[in-house]
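Engineer: all I have is the shape, not the residue letters:
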């Protein structure tokens, strides 16, 4: 199954590698991956979150982390409201490398 790949430069500035992306009425979304971490918080509704190997139900209160390069998507969404907190770990690696 093919998937899209989202790049961090579409979401972050070079100064700060964090973005908060509320998704009101998250629709079904095909498998996709990104080169950044994603913390997903389900605010309302329900649906199925899926990866290349599994599917699981999500609902209000569900929280999960998507690792860079890990393809995932959403199915059977019903009034699904999410908050996606996106962050680029490589920025933190560069920052800590500068600490003596």
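Structural biologist: It's in. Treat the numbers as computed from the prediction; the structure is a model and nothing was measured. Residues are numbered from 1 along each chain as shown.
Engineer: can we go C-alpha only for contacts and neighbour counts from here?
Structural biologist: Noted.
Engineer: right, and residue 72 touches residue 38 too?
Structural biologist: No - using Cα atoms under 8 Å, residue 72 makes no contact with residue 38, being 10.9 Å away.
Engineer: mutual contacts of these two, please.
Structural biologist: Common neighbours of residue 72 and residue 38, using Cα atoms under 8 Å, 6 or more residues apart in numbering, are residue 66.
Engineer: got any ranges where the protein has weak pLDDT?
Structural biologist: Within the chain, the set of residues satisfying pLDDT under 70 comprises 1-16, 95, 100.
Engineer: okay, which residue is most central for it?
Structural biologist: The centroid of the chain falls nearest to residue 38 when counting by Cα atoms, centre = their mean (3.4 Å).
Engineer: I'd say that one and residue 65 touch.
Structural biologist: Yes - with contact defined as Cα under 8 Å, residue 38 counts as touching residue 65 (5.6 Å).
Engineer: all strands for the chain, in order.
Structural biologist: 4-6, 18-23, 29-34, 37-51, 55-59, 63-66, 72-87 (DSSP state E).
Engineer: show residues contacting stretch 52-68.
Structural biologist: With Cα under 8 Å, 6+ apart, stretch 52-68 has contacts from 1, 31, 33-50, 71-72, 80.
Engineer: distance from the chain centre to stretch 41-61, please.
Structural biologist: 12 Å (Cα atoms, centre = their mean, to the nearest Å).
Engineer: buried set for that stretch?
Structural biologist: 41-51, 58-59 (16 or more other Cα atoms under 10 Å).
Engineer: do the same with stretch 88-100
Structural biologist: residue 88.
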